[in-house]
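Colleague: coords please:
(chains A and B)
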Amino acid sequence: AQSVTQLDSQVPVFEEAPVELRCNYSSSVSVYLFWYVQYPNQGLQLLLKYLSGSTLVKGINGFEAEFNKSQTSFHLRKPSVHISDTAEYFCAVTFGGATNKLIFGTGTLLAVQP
Amino acid sequence: EPEVTQTPSHQVTQMGQEVILRCVPISNHLYFYWYRQILGQKVEFLVSFYNNEISEKSEIFDDQFSVERPDGSNFTLKIRSTKLEDSAMYFCASRFDRGLIRDTEAFFGQGTRLTVV
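Modeller: The predicted model follows:
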């Protein structure tokens, strides 16, 4: 079965430190990969996406992610976090097909401390 | 910038009551979705809708749920007889599909928080 795993439910980090949020997927077919951010009491906002081409993708707010097909991973990174980055981050995949429905991971709460 | 809008932002309903959640997708989009997120859990796919019919639904989307596009702009999710476990944030999303890879991205609304008491 196709699935998405976010091993870290919560990642505490100090302001201006680097961070990596992990995402692994399971699929026997090609995938398209996304990271969404959810700020408290808000909806889902797209951070970045990998559809094809370069495996390093850059998104909004200084985030980037690298698609690694051999490791079936799509980890999210930021070299220096701000307090305002505190939010829930969801990795999601779609396996194409007619509907392109998204399958989400369980989310990682990034808690940035001063 | 075009966006998906959902109303209401928060709805409280009594168990057993019918509820309708409303969404206005982006105007030229062709695929429409409902997802839900139970508090503290992951976002789950409920249903997709294309060309005025359901194209895919999950196990969660049982006979208590229905979707409709009553006119050219609205997309609704109806829950016939709400249960306590239906309490969740419900997200609407839409996608433009010209058969291009870049149309894979779905745009989400802000969500409707449904509380069943």
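Colleague: Give me the neighbour count for B:A106.
Modeller: 27 (other CB atoms under 10 Å in any protein chain shown). All C-beta spots, glycine's among them, are computed from the backbone N, C-alpha and C.
Colleague: contacting residues around it?
Modeller: A:100, A:102, B:31, B:33, B:93-95 (CB atoms under 8 Å, 6 or more residues apart in numbering or on different chains).
Colleague: mind running it again at 7 Å?
Modeller: Residues near B:A106 by CB atoms under 7 Å, 6 or more residues apart in numbering or on different chains: A:102, B:33, B:93-95.
Colleague: can you check A:F74 too?
Modeller: With CB under 7 Å, 6+ apart, A:F74 has these contacts: A:23, A:25, A:33, A:50, A:65, A:67, A:91.
Colleague: okay but the last one is in contact with A:W35, surely?
Modeller: Yes. Counting by CB atoms under 7 Å, a contact exists between A:C91 and A:W35, whose distance comes to 5.8 Å.
Colleague: quick one: which helix or strand includes the one residue sitting closest to the centre of chain B?
Modeller: In chain B, the centroid-proximal residue (CA atoms, centre = their mean) is B:W34; its distance is 2.7 Å. Assigned by DSSP states H and E, B:W34 belongs to strand B:31-37.
Colleague: and that strand, what does it pack onto?
Modeller: strand B:43-50, strand B:88-95 (3 or more CB pairs under 7 Å, 6 or more residues apart in numbering or on different chains; DSSP states H and E).
Colleague: got CSV for these, with mean pLDDT, distance to B:I26 and mean neighbour count too?
Modeller: Output for those, formatted as CSV (pLDDT from 0 to 100; distance: least, CB to CB, whole Å; neighbours: other CB atoms under 10 Å in any protein chain shown):
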stretch, mean pLDDT, distance to B:I26, mean neighbour count
strand B:43-50, 95, 14, 22
strand B:88-95, 96, 5, 24
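Colleague: so which of those comes closest to B:E1?
Modeller: Among these, strand B:88-95 comes nearest to B:E1, with 13.8 Å by CB to CB.
Colleague: on that earlier part again, who does the strand holding B:W34 pair up with?
Modeller: Paired neighbours of strand B:31-37 in the sheet (DSSP bridges): strand B:43-50 (antiparallel), strand B:88-95 (antiparallel).
Colleague: Now tabulate those in TSV and tack on distance to A:P40.
Modeller: Converted to TSV, those look like this (distance: least, CB to CB, whole Å):
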stretch	distance to A:P40
strand B:43-50	16
strand B:88-95	12
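Colleague: quick one: low-confidence ranges for the chain?
Modeller: Since you didn't name a chain, this refers to chain A. Applying pLDDT under 70 to chain A picks out residues A:1, A:98.
Colleague: Let me rephrase: I mean chain B.
Modeller: Regions of chain B meeting the criterion pLDDT under 70 cover residues B:101-102.
Colleague: 90 instead, please
Modeller: Within chain B, the segments meeting pLDDT under 90 span B:1-3, B:27-28, B:30, B:39-42, B:51, B:70-73, B:96-106.
Colleague: pretty sure A:K49 contacts A:F34?
Modeller: Yes. Using CB under 7 Å, A:K49 is in contact with A:F34, at 4.8 Å.
Colleague: quick one, which of those two is more surrounded?
Modeller: For A:K49 versus A:F34, the count of surrounding residues by other CB under 10 Å is larger for A:F34: 27 against 19.
Colleague: Who are the contact partners of that one?
Modeller: A:F34 makes contacts with A:46, A:49, A:92, as judged by CB under 7 Å, 6+ apart.
Colleague: which parts of chain A sit against chain B?
Modeller: Taking CB under 7 Å from any CB of the partner chain as the test, the list of chain A residues beside chain B reads A:32, A:42-44, A:46, A:49, A:51-52, A:90, A:94, A:98-107.
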